[in-house]
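>>> Mind looking at a prediction? Sequence and model below.
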Amino acid sequence: MSNRPAPRRKTLAALAVAVLAAAAGWAGLGPGAGEAAGPARPAGGAGPAAPGAPDPARAAAADYGRTCPVATLPAEADEVIEAILRDPARLDPRHDGAHFGNYEGRLPRRGGSYYREYTVDTPGVGHRGARRIVVGGGTAADPDVWYYTPDHYDSFCAIPDAEE
């Protein structure tokens with residue numbers, strides 16, 4: 001008979017559960033993690049994607065974990081969304097539409113010049129401020145994914161209804 005103590009299965013099981021719960025929370029899959037501020041809806045206003053077809057807005061929300069419908073954003077963000085879609089001449093040509101490198105790695109990794117950024121004015125601030133809309137893929141007037149950051153790229157949320 002061995003002098004080794006018997007394995008502590010309950011301790012190992014509890015440790016495994018804790019590790020899995022932590023990993024799920026980090027990935028935005030745990031209870032309360034990644035809860036949407038509203039229902040996730042596909043971008044474009046065309047209703048659900050065809051069966052089996054990827055839905056970029058849902059993929060963006062799943063990749064990032066949080067959503068922020070347009071109604072929850074500052075009014076100035078809605079103005080920028082409208083300008084991107086309908087009147088790009090209203091945008092600042094020095095900054096808006098410029099490449100966003102995602103150097104912080106807070107958005108899903110994509111190659112090349114996938115992401116573009118736009119300034120969201122902050123009333124009472126005499127400079128560009130910290131608020132941005134970052135779009136990705138598609139065309140300048142029809143991006144595939146939309147994100148909002150209120151704090152100069154420290155955090156993001158996916159905008160599921162930007163094109164509705």
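Looks like it came in fine.

>>> Could you use CA atoms for every contact and neighbour count after this?
Noted.

>>> Which parts of the chain are helices?
Counting by DSSP state H, one finds helices in the chain at the ranges 9-26, 56-64, 75-86.

>>> Worst mean pLDDT among those?
Mean pLDDT values for these show the minimum at helix 9-26, a mean of 42.

>>> Could you chop the protein up by domain?
8-36, 38-158 (automatic domain parsing).

>>> contacting residues for the residue nearest to residue 121 when sequence neighbours are not counted?
Closest residue in space to residue 121, ignoring its immediate chain neighbours: residue 76 at 6.1 Å, by CA to CA, 6 or more residues apart in numbering. By CA atoms under 8 Å, 6 or more residues apart in numbering, residue 76 lies in contact with 120, 121, 122.

>>> Could you export those residues as a markdown table, including distance to residue 156?
Converted to a markdown table, these look like this (distance: CA to CA, whole Å):
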| residue | distance to residue 156 |
| --- | --- |
| 120 | 14 |
| 121 | 17 |
| 122 | 17 |
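
>>> wait, which of these is closest to residue 164?
residue 120 (19.1 Å; CA to CA).

>>> okay, now that closest one: neighbour count?
24 (other CA atoms under 10 Å).

>>> For burial, what's the neighbour tally of residue 83?
Counted with other CA under 10 Å, residue 83 comes out at 15.

>>> and it, what does it touch?
Residue 83 sits in contact with 89, 90, 91, where contact means CA under 8 Å, 6+ apart.

>>> So among the residues you listed, which ones count as buried?
residue 91 (16 or more other CA atoms under 10 Å).

>>> Just send the contacts of residue 83 back as TSV, with distance to residue 163 and pLDDT too.
What follows is the contacts of residue 83, written out as TSV (distance: CA to CA, whole Å; pLDDT from 0 to 100):
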residue	distance to residue 163	pLDDT
89	18	80
90	18	82
91	17	86
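
>>> Columns distance to residue 115 on top of the contacts of residue 83, output as CSV?
Output for the contacts of residue 83, formatted as CSV (distance: CA to CA, whole Å):
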residue, distance to residue 115
89, 20
90, 20
91, 17
